[in-house]
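>>> need a structure here:
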Amino acid sequence: MKRIISIIAILAISTVACSNQEKDYSPITSWKNEDVEVSKQEFVELTKGNNALEFKNGKVVIHDKDAVIKSNAGDVTTYFVQNAYIPIIDAKEIIKKDDWTKEELLTKYAGAAQNIDVNAKENTIEAFFITGPRGYGELRVTFDGGKLKSMTNTFQE
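Just a heads-up that it's a prediction; the model follows:
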């Protein structure tokens, strides 16, 4: 009888442990130019500031202080990167999915964000990306808490 109870206890613990695994997301650190309308030279210029920011453990981390302008206005902290660019292929992948979590999207793509606004009081984060030829395409993603609130873009899908 003790053996059966032990087996049931082990199975129950294993089931709980497996179901509570947190997903581990990794940031993209190597950006590829797959847009035929963006020259190699233009891509190099547009992405000079990529990976200056990272989203890690629920916070925005600055890796390149020379590339990032951080400002505060009340409850909002803004991180701005002059030369940050997301390749159009990646931008299109983002808009295909409508159930992003803040942790997943920002961990993966914060390195290509031109602007991230963190509103501590309202618990919102908005990431702004530029994409496409000459950076004319825009993608804006807003999270309320950990959930996707809105996503808008100005490029062809």
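
>>> quick check: the residue nearest to Glu104 when sequence neighbours are not counted vs Lys65, distance?
Distances taken as CB to CB, 6 or more residues apart in numbering place Tyr25 nearest to Glu104, at 5.2 Å, with adjacent residues excluded. For the C-beta atoms, the positions are set from N, CA and C on the backbone; glycine is no exception. Tyr25 sits at a distance of 24 Å from Lys65 (criterion: CB to CB, to the nearest Å).

>>> more neighbours: which of these two?
Tyr25 (15 against 9; other CB atoms under 10 Å).

>>> tell me the SS of that one?
coil (DSSP: H, G, I helix; E, B strand; the rest coil).

>>> going forward, count from 24.
Got it, the first residue is 24 from now on, which makes the last one we talked about Tyr48.

>>> ranges for the helices of the chain?
Here the chain has its helices, by DSSP state H, at 25-42, 63-69, 111-119, 125-132.

>>> can you tell me the closest non-neighbouring residue to the residue nearest in space to the middle of the chain?
Central residue of the chain (CA atoms, centre = their mean): Leu129, 1.8 Å from the mean position. In space, Leu129 comes closest to Phe78 once its chain neighbours are excluded; the distance is 3.7 Å by CB to CB, 6+ apart.

>>> count of residues packed around that neighbour?
Counted with other CB under 10 Å, Phe78 comes out at 24.

>>> same check on Lys79?
With other CB under 10 Å as criterion, Lys79 counts 14.

>>> quick one: it and Gly134 touch, right?
No - using CB atoms under 8 Å, Lys79 makes no contact with Gly134, being 10.9 Å away.

>>> quick check: bridge partners of Phe166?
Applying DSSP bridges to Phe166 gives these bridge partners: Ile148, Leu171.

>>> who are the contact partners of it?
Lys125, Leu128, Leu129, Thr147, Ile148, Glu149, Lys172 (CB atoms under 8 Å, 6 or more residues apart in numbering).

>>> from Pro50, how far out is the spatially closest residue to the second one that is not a sequence neighbour?
The shortest distance from Leu128 to any residue other than its chain neighbours is 6.4 Å, reached at Val164 (CB to CB, 6+ apart). Val164 is 16 Å from Pro50, where distance means CB to CB.

>>> the more surrounded of those two?
Val164 (24 against 16).

>>> so the residue nearest to Leu128 touches Glu149, yeah?
Yes - here Val164 reaches Glu149: they are 7.1 Å apart, a contact under CB under 8 Å.

>>> just to revisit the earlier point, which one of the contacts of Phe166 is nearest Val84?
Nearest to Val84, judged by CB to CB, of the contacts of Phe166 is Leu129 at 10.9 Å.
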